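J.: show me the folded form of this:
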Amino acid sequence: MKRSWTAPAVALVTIFVVGGCNDYGNTFQNNTGAFVSFLSPAQISAGNGDFTLTVNGQGFVLKTVVQWNGKPLTTTVPVGSTGAALGNIVTATVPAALVAKPGVATIITLNPAYGAGQNGLSNPIAFIINPPPNPLPVLTSITPQTKAAGSPDFTLTLNGSSFLPASDPSGGSQVKWSGAQQSQLTVVGTTTANQITATVPSGLLANSSASSVAVSVTVFNPPSPPPTGCVTACNGGGGGGSSVSATFTICGSGQSSCSPLAAAKVAGNAAETAAEETPALSLDGRYVAYTALENDRAQIFLRDTCEGASANCQPRSTLLSAAGDGTPANDESHAPSMSSDGRYVAFSSAATNLVENAPPGRQVYLLDTCAGAGDSCKPSTRLVSVDPNGALVGAESILPSVSASGRFVAFLAVTPSHSSKPASVQSKAPISDSNSGYRQVFIRDTCLGATNCAPKTTRISLQPGDGTASAAKPAGPVLSGNARHVAIVGANAATLFTRSVAVDDRIFLAIANQQH
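T.: I've put the predicted structure just below:
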């Protein structure tokens, strides 16, 4: 599906020309009308119908008019019991024609101006018209379905619908290969809405066993990007995501051909993985965070059981692994961990739509669910697996553990080993240099609830442990409620802690007092 648009270049004007001059002969002045604090909604997808725009602020009067790129809109001013304007809110009807194309519009209000030096204009504020959300790709078949182990590079043809060409503003559809190695295949040729071709390098066709091996192949559509000219709140149109997987079979060693393995086996493994994950529970037992499948993809949910709550509480489940607009995470999410009050939930996800400019690979996120925080709180998600460069690039950040208050998050970062030799001790290496091998444990201070605090990530495992291929399910760290201690399984998972106490042959208690 090819989409294109031209976004109007709209500048936010901060000063305006007025009739007459002031004492200095200038013809420019600051705005003298109402003050606009925020819009609701602040953005919308192109192609929507007529809608009501709510402008919040102060100083609105009975004759206030909302303007869209300098043109007046039909405006309603709410009044109180005395007939006077409430002053903090006005609404306006926005015709569908104004949001037909993506772009950025300038919203401003105009109050009647009385006297010299008065222009009645408010401060301007941007309204974002996002492109339509990208579609979810549908993968129906792949050709070929099998190859002998060690075969040379070949071209894989994927058939389906809702594929995006490379010319799409999002960059086009991607082909993901999930086997012994997680890879993004190189798309070749011209992608149509129904077909995409990609090169599978010979290095991905390794299989030393006598049995055939199943590989999961998916098509991923990136979310729709923000319109040109957007400089604030640029979340984009969203959408996209991964298709249901198709199964590619690598024949057993020594076999020149084989029968395709059943796709149901791969889907069954995904369901088992989600089902066997340990849920997280708040201290009072009211809130439960857990992993479950939705549309064949593992997602994180929060269940308010209403245990111990008031009689009017209604039990409900909420999707936590979601973008700011409620769109489900576009890739797998796992391993929830919860603060004692149930408000903060950390989890690992490979999704790219949970925060703006999300780094590639699995990352650790912390969601403020606003549970128990009141109506003024707005749920928000932040990236936890970050270093001074902005992200732990090259590492798969998994298995988080959050402190009682939600401020501290411990997590395990796994980097694929490219050498049979263990990494050397790097006790004073910067975090960005410490991801050259294996598994390491970090603690992130998010500064939630703290003053005069700068968020930071501290590596508490001084030497990366050797992550062997046999350790398919590495154990993650567990953080104490006050974030002063971290327990970790396995000397070969993360060794030489800054200070540690042996609990058992393979369990260590790390002392993390330097966080305070």
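
J.: test my guess that residue 43 contacts residue 236.
T.: No - counting by CB atoms under 8 Å, residue 43 stays clear of residue 236, with 9.5 Å between them. No exception for glycine: its C-beta is placed from N, CA and C like everyone else's.

J.: run through the bridge partners of residue 219.
T.: Per DSSP bridges, the residues bridged to residue 219 are residue 175.

J.: more crowded one of residue 43 and residue 236?
T.: Ranked by neighbour count (other CB atoms under 10 Å), residue 43 and residue 236 place residue 236 first, with 26 against 21.

J.: over to that one. Which of the three states is it?
T.: Here residue 236 takes the coil state, with states given by DSSP: H, G, I helix; E, B strand; the rest coil.

J.: and the gap between it and residue 320?
T.: Using CB to CB, to the nearest Å, one gets 21 Å for the distance from residue 236 to residue 320.

J.: what's near enough to touch the residue most central in space within the chain?
T.: Nearest to the mean C-alpha position of the chain, by CA atoms, centre = their mean, lies residue 354 at 1.3 Å. For residue 354, the contacting residues are 321, 322, 323, 329, 365, 381, by CB atoms under 8 Å, 6 or more residues apart in numbering.

J.: which one of those is nearest to residue 176?
T.: residue 329 (14.8 Å; CB to CB).

J.: neighbours of the closest one, how many?
T.: Neighbour count of residue 329, defined by other CB under 10 Å: 27.

J.: okay, it: pLDDT?
T.: With respect to pLDDT, residue 329 has a value of 88.

J.: contact partners for it?
T.: Here residue 329 is in contact with 297, 299, 300, 321, 322, 323, 349, 351, 353, 354 (criterion: CB under 8 Å, 6+ apart).

J.: which ones among these are found in strands?
T.: Among the contacts of residue 329, the members falling in strands are 297, 299, 300, 349 (criterion: DSSP state E).

J.: nearest residue to the last one in space, ignoring adjacent ones along the chain?
T.: Nearest residue to residue 349, sequence neighbours excluded (CB to CB, 6 or more residues apart in numbering): residue 333, at 3.9 Å.

J.: closest to residue 94 out of the contacts of residue 354?
T.: Nearest to residue 94 among these: residue 323, at 23.6 Å, using CB to CB.

J.: OK, contacts around that closest one?
T.: Shown in contact with residue 323 (CB under 8 Å, 6+ apart): 223, 235, 238, 329, 353, 354.

J.: for residue 113, what are its contacts?
T.: Residue 113 makes contact with 32, 33, 119, 120, according to CB under 8 Å, 6+ apart.

J.: could I get these as a markdown table with distance to residue 140 and neighbour count?
T.: Shown next, in a markdown table, are these (distance: CB to CB, whole Å; neighbours: other CB atoms under 10 Å):
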| residue | distance to residue 140 | neighbour count |
| --- | --- | --- |
| 32 | 62 | 17 |
| 33 | 57 | 22 |
| 119 | 60 | 18 |
| 120 | 59 | 20 |
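
J.: need the residues you listed in CSV with distance to residue 60, secondary structure and pLDDT, can you?
T.: Putting those into CSV (distance: CB to CB, whole Å; DSSP: H, G, I helix; E, B strand; the rest coil; pLDDT from 0 to 100) gives the following:
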residue, distance to residue 60, secondary structure, pLDDT
32, 14, coil, 75
33, 9, coil, 84
119, 16, coil, 83
120, 11, coil, 87
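
J.: which of these sits closest to residue 372?
T.: residue 33 (39.2 Å).

J.: quick one: contacts for the residue nearest to residue 178 when sequence neighbours are not counted?
T.: Once flanking residues are discounted, residue 178 sits nearest to residue 216: 4.2 Å by CB to CB, 6+ apart. Under the criterion of CB under 8 Å, 6+ apart, the contact list for residue 216 reads 176, 177, 178, 179, 245, 246, 247, 248, 266.

J.: for residue 95, give its distance to residue 157.
T.: Distance from residue 95 to residue 157, by CB to CB: 45 Å.

J.: state the phi and psi torsions of residue 32.
T.: Here is the backbone geometry of residue 32 (degrees, to the nearest 10): phi -120, psi 10.

J.: was I right about it contacting residue 121?
T.: Yes - at 7.1 Å, residue 32 counts as touching residue 121 under the criterion of CB under 8 Å.

J.: which residue, other than its chain neighbours, is closest to residue 147?
T.: Counting by CB to CB, 6+ apart, the residue nearest residue 147 is residue 205, at 5.7 Å.

J.: now this structure, which segments are flagged as low pLDDT?
T.: Residue ranges of the chain with pLDDT under 70: 1-30, 115-117, 180, 262-276, 388-395, 415-439, 461-516.

J.: show me where it has its helices.
T.: Secondary structure of the chain (DSSP state H): helices located at 263-275.

J.: related to what we said a few turns ago, quick one: contacts for the residue nearest to residue 349?
T.: Residues near residue 333 by CB under 8 Å, 6+ apart: 291, 298, 299, 300, 321, 347, 348, 349, 350, 351.

J.: and for residue 132?
T.: Residue 132 sits next to 3, 45, 46, 47, 224, 237, 239 when contact means CB under 8 Å, 6+ apart.

J.: do residue 335 as well
T.: When contacts are counted by CB under 8 Å, 6+ apart, residue 335 touches 277, 291, 347, 348, 398, 399, 400, 476.

J.: among the residues you listed, which ones are in strands?
T.: Those of those lying in strands (DSSP E): 291, 347, 348, 398, 399, 400.

J.: which of the residues you listed has the largest number of neighbours?
T.: residue 347 (30 neighbours).

J.: that one against residue 402, yeah?
T.: No - using CB under 8 Å, residue 347 is not in contact with residue 402, being 9.5 Å away.

J.: identify the contacts common to these two.
T.: Residues touching both residue 347 and residue 402 by CB under 8 Å, 6+ apart: residue 337.

J.: rewinding a little: please report the distance of the residue nearest to residue 178 from residue 245.
T.: From residue 216 to residue 245 the distance is 4 Å (CB to CB).

J.: again with residue 137
T.: To residue 245, residue 137 is 11 Å away according to CB to CB.

J.: the two: which is more packed in?
T.: Neighbour tally, residue 137 and residue 245, criterion other CB under 10 Å: the higher count belongs to residue 137, 26 against 22.

J.: and the more buried one, what does it touch?
T.: Shown in contact with residue 137 (CB under 8 Å, 6+ apart): 160-164, 173, 219-221, 240-243.
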